[in-house]
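J.: fold the following for me, if possible:
(one chain, ligands or ions: 2)
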Amino acid sequence: MAITTAEKRIYVNDVAVRDGFQSEPNFVPTDKKIALINRLSKTGLAKIEVTSFVSPKAIPNLRDAQEVMQGITRSADVTYVALVPNERGCERAIECNVDEINLVMSIGETHNLANMRMTCEQSLEQFRRVITLLRGSNIRVNGTVATAFGCPFEGDQPLYRVLWAVEQYAAIGMHSVTLADTSGMAHPAQVSRFSEAYQTAFPKLPATLHFHNTRGMGLANVMAGIAAGINSFDASLGGIGGCPYAPGATGNICTEDMVHMLQSSGYDTGVDLDQLLTIARDLPDILGHDVPGHIIKAGKRTDLAPMPVTASQATH
Ligand code: COA
Ligand code: ZN
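T.: Residues are numbered from 1 along each chain as shown. Ligands and ions are numbered 1, 2, ... in the order given. Next up is the predicted model:
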């Protein structure tokens, strides 16, 4: 399928401070989280997933969710999102006046039980209560179908089960949906098939794709998603990330690498790549270890190396 790039806008959502920080070996101090989010807010990202209102016992690294959400300086151009698993999380998110709640359920029952300690039916029941709680508020609701491209325990999930979950979300009243590849099992042919089927079945329900680069297929999956008509992607600064309840899970696709690829290919991401790279270069200091991103190491494809001495001499 031909990819047309003319004037095509792609929306970039950063999830590093949620998906990334949740699985770090060490707690990132609250003031460092806030400072990072404030810097990211000025780069042209469409959304920032700020934190999770989950049990602090399940995800101790995000136990400061309220302080972070209330401590950041919000930009009017950015949608600030918080992940929520249940009614209790929704109450906390309302207190912090988030712009958008991201409700997450894995369609692999085994992963949902490990991650959320609920069956899918129990998760859906929580989501119905969340929607009731939100009546009359301006908070938007996105539903994430986690393990959509494969469950680390059960393997491939059939397309009809993905569409079943989206149908439940639409019926509950969610405004948009994310298909998430929690453990990096998606491949481009599958992404094309699922994205096309989704848009045929739900042409009015905006979709985002969320990939992990666990098996090196992340950016190829983005291109497959774009070719199939999707224009919104989650990614993580530095390529950090991973679900603590998915064995072997590694980082999300890297935001600055994705923006670099998309801009090189002629897409409009609205993101200031140089600013993003400056922030990404500070991540290893914040985390105390190297991060997977390529462009912070290699430089942009337009950052040329100095001419070798022999070549420059040859011009004289
Ligand atoms: N925020 C804060 N605390 C919460 C909470 C929430 N959203 N939901 C439950 N809790 C607290 C309860 O108050 C209770 O606290 P207590 O032990 O001090 O009384 C405790 O957590 C257990 O509550 P319970 O309803 O029995 O939950 P659970 O132990 O069955 O866990 C979840 C269910 C969903 C709360 C938990 O599994 C979770 O937070 N998972 C998130 C995992 C995650 O974020 N994974 C990565 C992202 S996909
Ligand atoms: Zn993820």
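J.: enumerate every residue touching residue 119.
T.: 109, 112, 113 (Cβ atoms under 8 Å, 6 or more residues apart in numbering). (Each C-beta comes from the backbone N, C-alpha and C, glycine too.)
J.: now do the same end-to-end measure for stretch 104-114.
T.: Taking Cα to Cα, to the nearest Å, the first and last residues of stretch 104-114 lie 13 Å apart.
J.: what of stretch 60-78?
T.: 26 Å.
J.: which of the residues in that stretch are buried?
T.: Buried residues in stretch 60-78, counting neighbours by 16 or more other Cβ atoms under 10 Å, are found at 61-66, 68-69, 71-72, 74-75, 78.
J.: stretch 111-126 too?
T.: So for stretch 111-126, counting by 16+ other Cβ under 10 Å, buried means 111, 112, 113, 114, 115, 116, 118, 120, 123, 124, 126.
J.: any idea how far the residue most central in space within the chain lies from ligand 1?
T.: With distances taken as Cα atoms, centre = their mean, residue 234 lies nearest the centre of the chain, 3.1 Å away. Going from residue 234 to ligand 1 by Cβ to the nearest ligand atom, to the nearest Å gives 12 Å.
J.: now that residue, what's its secondary structure?
T.: Secondary structure, DSSP: H, G, I helix; E, B strand; the rest coil: residue 234 is strand.
J.: quick one, phi psi at the closest residue to it other than its chain neighbours?
T.: Distances taken as Cβ to Cβ, 6 or more residues apart in numbering place residue 210 nearest to residue 234, at 4.0 Å, with adjacent residues excluded. Dihedral angles of residue 210 (phi, psi; degrees, to the nearest 10) stand at phi -130, psi 110.
J.: how about the residues of the stretch 101-250 of the chain by ligand 1?
T.: 104, 115, 116, 117, 146, 243, 245 (Cβ under 6 Å from any ligand atom).
J.: tabulate the residues you listed (CSV), appending pLDDT and secondary structure.
T.: Below are those laid out as CSV (pLDDT from 0 to 100; DSSP: H, G, I helix; E, B strand; the rest coil):
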residue, pLDDT, secondary structure
104, 98, strand
115, 96, helix
116, 97, helix
117, 97, coil
146, 98, strand
243, 87, coil
245, 89, coil
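J.: closest one of those to ligand 1?
T.: residue 117 (3.6 Å; Cβ to the nearest ligand atom).
J.: wait, isn't residue 202 in contact with residue 169?
T.: No: look at residue 202 against residue 169 with Cβ atoms under 8 Å: they stay out of range, at 9.2 Å.
J.: sketch out the helices for the protein, chain order is fine.
T.: 30-40, 65-71, 87-95, 109-116, 120-134, 159-172, 188-201, 218-227, 255-264, 273-280, 283-287, 295-298, 309-314 (DSSP state H).
J.: what does the shortest one rub up against?
T.: It stands for helix 295-298. 238, 254, 256, 257, 260, 277, 280, 281.
J.: let's see if you can find the most crowded of those.
T.: residue 256 (30 neighbours; other Cβ atoms under 10 Å).
J.: now do the same contact list for that one.
T.: 237, 238, 273, 276, 277, 280, 293, 295, 296.
J.: recalculate using a threshold of 7 Å.
T.: 237, 273, 276, 277, 280, 293, 295, 296 (Cβ atoms under 7 Å, 6 or more residues apart in numbering).
J.: still on that earlier bit, okay, residue 202 and residue 169: which has more neighbours?
T.: Ranked by neighbour count (other Cβ under 10 Å), residue 202 and residue 169 place residue 169 first, with 25 against 16.
J.: for the nearest residue to that one once chain neighbours are set aside, give the beta-bridge partners.
T.: Of all residues not flanking residue 169 in the chain, residue 143 sits nearest, at 3.7 Å (Cβ to Cβ, 6+ apart). Beta-bridge pairing for residue 143 (DSSP bridges): residue 103, residue 177.
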